[in-house]
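**Student:** A structural model of the following input is requested.
(chains A, B, C and D, ligands or ions: 4)
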There are 2 protein chains.
Amino acid sequence: MYTESVENYLKAIYKLSSRQGGGYASTKAIAEVLEVRSASVSKMLQRLEKMGMVHHRSYQGVQLTSQGRRIALRTIRRHRLLETYLYEVLGYSWEQLHSEAELLEHYISDLFEAKIDEALGFPTHDPHGDPIPSKEGKMPDIQHIALANVEVPGEVVIARVPDSSAQFLCYLKEVGLLPKVSLKVLRKEPFNGPLLVVLGDREQVIGREVAGKIWVKKKRDLIDGGRIDEENS
Amino acid sequence: MYTESVENYLKAIYKLSSRQGGGYASTKAIAEVLEVRSASVSKMLQRLEKMGMVHHRSYQGVQLTSQGRRIALRTIRRHRLLETYLYEVLGYSWEQLHSEAELLEHYISDLFEAKIDEALGFPTHDPHGDPIPSKEGKMPDIQHIALANVEVPGEVVIARVPDSSAQFLCYLKEVGLLPKVSLKVLRKEPFNGPLLVVLGDREQVIGREVAGKIWVKKKRDLIDGGRIDEENS
DNA sequence: ATCTAAAATTAGCCTTGACTAATTTTAAAT
DNA sequence: ATTTAAAATTAGTCAAGGCTAATTTTAGAT
Ligand SMILES: [Mn+2]
Ligand SMILES: [Mn+2]
Ligand SMILES: [Mn+2]
Ligand SMILES: [Mn+2]
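**Tutor:** Ligands and ions are numbered 1, 2, ... in the order given. Coordinates of the predicted model:
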């Protein structure tokens, strides 16, 4: 339907502008995500504007139109369904998922999407813990906190890890920091020092930077959807 | 690895030049298969020559180099493995296979190819009866005859049907002309008239043109690999 | 209010792979 | 041996999506 390039731009804009508040993505940030030059981004933004995919305020940033958001979410849905299928059905290992999905997301048909969705029993999360947007383009919004920001002592469950660096994922697999794993944070060393956590039956130190990329839920939130939390505090 | 376009050209050249003898594909024939203009083909042939994929004798035709053949066969292998997987595992219907495979064949990885091959138990033929080239690039060569050329009366088994027209496949499905089905040819009407065949428990007339596109094996060949046939005649 | 560095845009170039129109080559018919 | 029609090639154009280099805008520091 749309080109691989257009879909990748829309995905990048979606992720950057939903990252926080105002919702504008900058040219530079898009360029970094997609590993192209800023000049290429500027040009593409004009084309996307003409296509009705974005609102672009020159020198200020871009936002998706509802049309652009629809395509972005469809692509993200396909990406995450693909990752889930490759993992669950074809036996891909964790770190091989992303690159295959990154390409195939642009080339499967509506039918293929529907077939793997069905084969998986209509999953809601991919293997990295990322939510899968619905067919109608609803993305469940989630409130996770970074492991690095958990107050100590705290008991948490891993909800989500980044999907795009195979090396990082290999490390996480090695130490057992996978989605759905619970752990206790015993101590955080000051001056951005490492965290000391209990993982299963052993202790483990985790660098602050790594801990900033792992998203967790508090144990209590899990049991009661976060309501008790509010009443108690 | 190579672009979709390059792989489609190589596939087209492979099929056209293996169709018969000498093994040269003409510019016009390639243009017709790929539904592009001859001028576009001429230009691409020069690029393929530079890439070492073809030998092009100007105004005479092209042949694949061993390099070109390797890529063509890899693409055909992926196409047919994909069709088999979509059919056997994902429950695609017959006529939906080809268009999905035609695109995905260019975008799956070596790993994806290996995984679906394994999941299918290393199949040798796709749902249309076409042989799947081996990973090493060996294509089993097959000697089928067109149903239209069977001598009457003759008993045959359908080996292979064309894969690329969904409408044609729907018709074949409707009348039950599927690979592995046996039938008897009772009569061929003269002047390129229709064939009268027995299909299961009923008689069926088949136009000569349709019968020219269905490839069959003689019943005896099937049982004894064709040897008895030679001894008897 | 001015200066400056970072960010963004513009201008101009390249490759891929289409297209049309014009030209050249080939091969078959006279 | 010419003529001619089909096939093939060449020349020139276009859009997509990259790039570098040059220019413009913005926002923060003085
Ligand atoms: Mn991913
Ligand atoms: Mn992608
Ligand atoms: Mn096919
Ligand atoms: Mn194809």
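**Student:** what number of residues lie near A:Tyr85?
**Tutor:** Close neighbours of A:Tyr85, defined as other Cβ atoms under 10 Å in any protein chain shown, add up to 24. All C-beta spots, glycine's among them, are computed from the backbone N, C-alpha and C.
**Student:** Can you verify it is assigned to a helix?
**Tutor:** Yes. Assessed with DSSP: H, G, I helix; E, B strand; the rest coil, A:Tyr85 lies in a helix.
**Student:** Please give me every residue in contact with it.
**Tutor:** Counting by Cβ atoms under 8 Å, 6 or more residues apart in numbering or on different chains, A:Tyr85 makes contact with A:Ile116, A:Ala119, A:Leu120.
**Student:** pLDDT value on it, please?
**Tutor:** At A:Tyr85, the model reports a pLDDT of 98.
**Student:** what's the answer for A:His56, then?
**Tutor:** Note on A:His56: pLDDT of 98.
**Student:** Then A:Phe112?
**Tutor:** With respect to pLDDT, A:Phe112 has a value of 98.
**Student:** and the nearest residue to it once chain neighbours are set aside, backbone torsions?
**Tutor:** Sequence neighbours aside, B:Glu100 is the residue nearest to A:Phe112 in space, at 6.2 Å (criterion: Cβ to Cβ, 6 or more residues apart in numbering or on different chains). For B:Glu100, the backbone dihedrals are phi -70, psi -40 (criterion: degrees, to the nearest 10).
**Student:** same check, this time on A:His106
**Tutor:** Backbone geometry at A:His106, expressed as degrees, to the nearest 10, gives phi -90, psi -10.
**Student:** residues in contact with the residue nearest to A:Phe112?
**Tutor:** B:Glu100 makes contacts with A:Ile108, A:Ser109, A:Leu111, A:Phe112, B:Leu82, B:Leu86, B:Tyr92, as judged by Cβ under 8 Å, 6+ apart.
**Student:** Also near DNA strand D: which of these, exactly?
**Tutor:** Among those, proximity to DNA strand D is found for none (Cβ under 7 Å from any atom of the strand).
**Student:** okay, among the residues you listed, which ones form the most distant pair?
**Tutor:** A:Leu111 and B:Leu82 (13.2 Å; Cβ to Cβ).
**Student:** So between the two, which is more surrounded?
**Tutor:** B:Leu82 (24 against 15).
**Student:** Near DNA strand D, which residues of chain A are found?
**Tutor:** In this structure, chain A approaches DNA strand D at residues A:3-6, A:8, A:35-37, A:39-40, A:43-44, A:47, A:58-60, judged by Cβ under 7 Å from any atom of the strand.
**Student:** Can you say which of the contacts of A:Tyr85 are buried?
**Tutor:** The neighbour-count test (16 or more other Cβ atoms under 10 Å in any protein chain shown) applied to the contacts of A:Tyr85 identifies A:Ile116, A:Ala119 as buried.
**Student:** Name the nearest of the contacts of A:Tyr85 relative to DNA strand D.
**Tutor:** For the contacts of A:Tyr85, the closest approach to DNA strand D (Cβ to the nearest atom of the strand) belongs to A:Ile116, at 25.1 Å.
**Student:** Assign the closest one to helix, strand or coil.
**Tutor:** Following three-state DSSP, A:Ile116 is assigned to helix.
**Student:** quick one: A:Ser182 and A:Val216 touch, right?
**Tutor:** No. With contacts defined as Cβ atoms under 8 Å, A:Ser182 does not count as touching A:Val216, sitting 9.0 Å away.
**Student:** anything in contact with each of those two?
**Tutor:** By the contact definition Cβ under 8 Å, 6+ apart, A:Ser182 and A:Val216 are jointly contacted by A:Val156, A:Val157, A:Ile158.
**Student:** how does chain A divide into domains?
**Tutor:** Using automatic domain parsing, the domain ranges for chain A come out as A:4-64, A:145-232.
**Student:** re the thing from before, and A:Ser182 and A:Val216? Which one has more around it.
**Tutor:** Legend: neighbour count by other Cβ under 10 Å for A:Ser182 and A:Val216, higher for A:Val216 (30 against 15).
**Student:** Without its sequence neighbours, what residue ends up closest to the closest residue to ligand 3 within chain A?
**Tutor:** Here the residue of chain A nearest ligand 3 is A:Ser109; by Cβ to the ion that distance is 14.6 Å. Closest residue to A:Ser109 apart from its sequence neighbours, by Cβ to Cβ, 6+ apart: B:Glu100 at 5.6 Å.
**Student:** Then A:Ser26?
**Tutor:** With Cβ to Cβ, 6+ apart as the criterion, A:Ser26 has its nearest non-adjacent residue at 5.3 Å, and that residue is A:Gly61.
**Student:** Tally up the residues packed near the one you found, please.
**Tutor:** Using other Cβ under 10 Å, A:Gly61 has 21 other residues around it.
**Student:** Looking at strand pairing, list the partners for it.
**Tutor:** A:Gly61 forms beta bridges with A:Arg57, as assigned by DSSP bridges.
**Student:** tell me the contacts of it?
**Tutor:** With contacts defined as Cβ under 8 Å, 6+ apart, A:Gly61 is in contact with A:Ser17, A:Tyr24, A:Ala25, A:Ser26, A:Thr27.
**Student:** check which helix or strand covers the closest residue to ligand 4 within chain A.
**Tutor:** Per Cβ to the ion, the residue of chain A with the smallest distance to ligand 4 is A:Tyr107, at 10.4 Å. Under DSSP states H and E, no helix or strand contains A:Tyr107.
**Student:** Phi and psi next, for it.
**Tutor:** In terms of degrees, to the nearest 10, the main-chain angles of A:Tyr107 are phi -120, psi 0.
**Student:** Check what pLDDT the closest residue in space to A:Gly212 that isn't next to it in sequence gets.
**Tutor:** Excluding its sequence neighbours, the residue lying closest to A:Gly212 (Cβ to Cβ, 6+ apart) is A:Ala148, at 4.3 Å. Per-residue confidence for A:Ala148 comes out at a pLDDT of 91.
**Student:** Ok, A:Leu222 next?
**Tutor:** pLDDT, A:Leu222: 53.
**Student:** Same question for the one 4 residues further on.
**Tutor:** Model confidence at A:Gly226, given as pLDDT, is 42.
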